[in-house]
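A.B. asks: build me a structure from this.
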Amino acid sequence: MKCTLSYWEKHSFFNYDVIIIGSGIVGLSCAIHLKKTSPNLKIAVLERGFLPSGASTKNAGFACFGSISELIEQEKTAGSDGLAKLIESRWKGLLKLRKLIGDKTMDYHCFGGYELFKKTDHSTTQHSVAKIEHFNQLLDDIVGKNTFSVCNEKIDVFGFKNISQLIFNKYEAQIDTGKMMFALIEHAQKTGISIFNNCEVSEIINEEKSITLKTPAGEFHCNQLAIATNAFVQTLLPELNIKPGRGQVLITKPIPNLKLTGTFHYDKGFYYFRNINQRILLGGGRNLDFKSEETTEFGETELVQASLEELLKTVILPRQYFEIDLRWSGIMSFGSILEPLISTVDANISYATRCNGMGVAIGSQTGEDLANEVLKLL
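C.D. replies: Got it, this is the predicted structure:
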C-alpha cells in the first residue's frame with residue numbers, strides 16, 4: 001500500500017540547500033567540505049544502493065599513486081610536468097583522506113608496494129628499471145626521496161614463481177576499505193549531513209529557481225545539485241563521454257603462514273593483489289576483454305575469474321593450497337584524459353567523474369574540488 005507523505009515529512013526531509021547524488025568517497029568528501037565551509041547549509045546525500053554503489057566499498061584498498069609501468073604509460077599521455085601534477089593530486093588526496101579519517105581508524109599500513117615483472121617481459125622489465133631514477137627525481141619534492149628501488153631479494157621470500165624482477169615503492173600503503181567508508185559516513189552524519197540510501201534519482205527537473213529530483217521515496221528539492229556518481233554519471237548526464245570499467249575481485253580464505261605483506265602490481269597494473277587478514281585479495285583482468293568489461297553491470301565472468309585463479313596458482317601461491325572465499329566486482333570510470341572531470345552543467349548543477357581507477361587516492365581532493373564548484377554558484 002502506498003504511504004502518502006505528511007506535511008511534516010515533505011517540509012523537513014525533502015527540501016535542501018544542496019543535494020549530492022552518490023555517497024562514495026567523492027560524494028561524501030564534497031558534502032563534508034561544503035558543511036565545513038558553510039555550516040548553515042542544509043545538505044543531503046542521495047544514494048541509489050543500500051551501500052555506495054560504484055567502487056568505494058568494493059575496491060582493493062590500495063593507497064597508491066601509480067606503479068613504474070603505469071607511470072611510464074601515463075607520462076606518454078600527460079608529459080613529465082602533467083604527470084607530476086597528477087601524482088601530486090593523488091598524494092595530496094591520500095593525505096586529506098588520512099587526516100580526515102585517521103590512519104588507525106581505516107587500518108592504514110605503509111608496508112610498501114611492489115611491481116612484479118614476468119621472466120618473459122624482457123623489454124618492459126629493462127625499460128622500467130631504467131626509469132627508476134627518472135621517476136625518483138620527479139617524485140622527490142612531491143612524495144619523498146628514493147621512492148622506487150629494485151628489490152629482487154624478495155622474490156623468493158614471497159614465494160613467487162616465474163618472476164624475474166621486483167620494483168619496490170616504499171611510500172605505497174594499504175587501507176581497510178570497509179572501515180574507511182564506514183568512518184567517512186559516520187563523520188558526514190556527525191556534521192549534520194543527511195544520507196538517504198536506496199534512493200535512486202530517476203529524473204532531474206531543473207526549474208528556474210530550484211531543482212526537483214524524482215526518487216522512489218518522493219520528490220526532493222534543492223537550490224544546488226552536485227552529481228558524484230562516477231561511472232554511473234551518464235544515466236543522469238548522458239552527454240558526457242565517460243567509459244565505465246568493471247573491476248572483478250576475489251579473496252581467498254585465510255592461508256596459514258602467508259608470506260606476503262604489502263600491495264602488489266602485475267602486468268602494467270591490470271592485475272593487483274594484497275594481503276588482508278591472512279588472505280590474498282586479487283583483482284584485475286579487464287585487459288582480457290575490454291569491451292565486455294566496459295559496463296555498469298555488476299557481476300563476474302568465467303574468463304576473468306579463471307585468469308585470477310591461474311595467477312594465484314602459477315605466480316602468487318605456486319606451492320600453497322588455497323580456497324576462494326568471495327568474488328565481487330566494482331564499477332570505475334575512465335577517459336582519455338587522466339585528470340578527473342569536474343565541471344558545471346549550468347547555474348545550479350555541478351558534477352565530478354572520471355577517477356580512472358584512482359578513487360581512493362584522488363577521491364577526497366576531487367570531492368573538495370566539486371564542493372568548491374558548488375560554492376561558486378551559491
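A.B. asks: please make it C-alpha for all contacts and neighbour counts, starting now.
C.D. replies: OK.
A.B. asks: can you give me the helices in the protein?
C.D. replies: 7-13, 25-37, 68-101, 122-130, 132-139, 154-158, 177-190, 290-293, 302-311, 359-377 (DSSP state H).
A.B. asks: so which of those comes closest to residue 272?
C.D. replies: With C-alpha to C-alpha as the measure, helix 302-311 is the member of these nearest residue 272 (9.9 Å).
A.B. asks: just to revisit the earlier point, now tabulate the helices of the chain in a markdown table and tack on distance to residue 238.
C.D. replies: As requested, these are exported to a markdown table (distance: least, C-alpha to C-alpha, whole Å):
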| stretch | distance to residue 238 |
| --- | --- |
| helix 7-13 | 29 |
| helix 25-37 | 19 |
| helix 68-101 | 26 |
| helix 122-130 | 38 |
| helix 132-139 | 37 |
| helix 154-158 | 46 |
| helix 177-190 | 28 |
| helix 290-293 | 19 |
| helix 302-311 | 29 |
| helix 359-377 | 19 |
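A.B. asks: in stretch 81-97, which residues are buried?
C.D. replies: Across stretch 81-97, burial judged by 16 or more other C-alpha atoms under 10 Å covers 82-84, 86-97.
A.B. asks: just the CA atoms of it, as PDB, please.
C.D. replies: Below are the C-alpha coordinates for stretch 81-97, written out as PDB (Å, rounded to 0.1, in the frame of the first residue of the first chain):
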ATOM      1  CA  ASP A  81      55.100  18.100 -15.900                       C
ATOM      2  CA  GLY A  82      51.500  16.900 -16.300                       C
ATOM      3  CA  LEU A  83      52.300  13.600 -14.700                       C
ATOM      4  CA  ALA A  84      54.000  15.300 -11.700                       C
ATOM      5  CA  LYS A  85      50.800  17.400 -11.200                       C
ATOM      6  CA  LEU A  86      48.700  14.300 -11.400                       C
ATOM      7  CA  ILE A  87      50.800  12.400  -8.900                       C
ATOM      8  CA  GLU A  88      50.800  15.400  -6.600                       C
ATOM      9  CA  SER A  89      47.000  15.500  -6.700                       C
ATOM     10  CA  ARG A  90      46.900  11.700  -5.900                       C
ATOM     11  CA  TRP A  91      49.300  12.100  -3.000                       C
ATOM     12  CA  LYS A  92      47.500  15.200  -1.600                       C
ATOM     13  CA  GLY A  93      44.200  13.300  -1.900                       C
ATOM     14  CA  LEU A  94      45.600  10.400   0.200                       C
ATOM     15  CA  LEU A  95      46.900  12.900   2.800                       C
ATOM     16  CA  LYS A  96      43.500  14.500   3.000                       C
ATOM     17  CA  LEU A  97      41.800  11.200   3.500                       C
END
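A.B. asks: just the mean pLDDT for that stretch, thanks.
C.D. replies: In this model, stretch 81-97 has a mean pLDDT of 96.
A.B. asks: can I assume residue 222 is in contact with residue 13?
C.D. replies: No: under the criterion of C-alpha atoms under 8 Å, residue 222 is not in contact with residue 13, lying 11.3 Å apart.
A.B. asks: of those two, which one has the most company?
C.D. replies: It is residue 222, of residue 222 and residue 13, that has more neighbours when counted by other C-alpha atoms under 10 Å, with 22 against 13.
A.B. asks: got the contact list for residue 59?
C.D. replies: Shown in contact with residue 59 (C-alpha atoms under 8 Å, 6 or more residues apart in numbering): 177, 330.
A.B. asks: picking that back up, which one of the buried residues of stretch 81-97 is nearest residue 284?
C.D. replies: Using C-alpha to C-alpha, residue 90 is the member of these that lies nearest residue 284, at 20.6 Å.
A.B. asks: distance of residue 77 from residue 245?
C.D. replies: Here the distance between residue 77 and residue 245 works out to 19 Å (C-alpha to C-alpha, to the nearest Å).
A.B. asks: between those two, who's got more neighbours?
C.D. replies: Legend: neighbour count by other C-alpha under 10 Å for residue 77 and residue 245, higher for residue 245 (23 against 14).
A.B. asks: bridging residues for that one?
C.D. replies: Legend: beta-bridge partners of residue 245 under DSSP bridges are residue 332.
A.B. asks: do the same with residue 328
C.D. replies: With DSSP bridges as the rule, residue 328 is bridged to residue 249.
A.B. asks: can you count the residues close to it?
C.D. replies: Residue 328 has 15 nearby residues by other C-alpha under 10 Å.
A.B. asks: what of the one 10 residues further on?
C.D. replies: Residue 338 is surrounded by 18 other residues when neighbours are defined as other C-alpha under 10 Å.
A.B. asks: now do the contacts for it.
C.D. replies: Contacts of residue 338 by C-alpha under 8 Å, 6+ apart are 74, 78, 86, 354-356.
A.B. asks: would you put the C-alpha positions of stretch 283-292 in PDB?
C.D. replies: What follows is stretch 283-292 as a C-alpha-only set of coordinates in PDB (Å, rounded to 0.1, in the frame of the first residue of the first chain):
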ATOM      1  CA  GLY A 283      41.700  -8.200  -8.700                       C
ATOM      2  CA  GLY A 284      42.000  -7.200 -12.400                       C
ATOM      3  CA  GLY A 285      41.900  -8.800 -15.800                       C
ATOM      4  CA  ARG A 286      39.900  -6.100 -17.500                       C
ATOM      5  CA  ASN A 287      42.500  -6.200 -20.300                       C
ATOM      6  CA  LEU A 288      41.400  -9.700 -21.300                       C
ATOM      7  CA  ASP A 289      38.200  -8.300 -22.800                       C
ATOM      8  CA  PHE A 290      37.900  -4.500 -22.500                       C
ATOM      9  CA  LYS A 291      34.600  -4.400 -24.400                       C
ATOM     10  CA  SER A 292      32.800  -6.800 -22.100                       C
END
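A.B. asks: list the buried residues of it.
C.D. replies: For stretch 283-292, a neighbour-count test (16+ other C-alpha under 10 Å) marks 283-286 as buried.
A.B. asks: what does that stretch rub up against?
C.D. replies: With contacts defined as C-alpha under 8 Å, 6+ apart, stretch 283-292 is touched by 60, 245-250, 270-273, 293, 303-304, 307-308.
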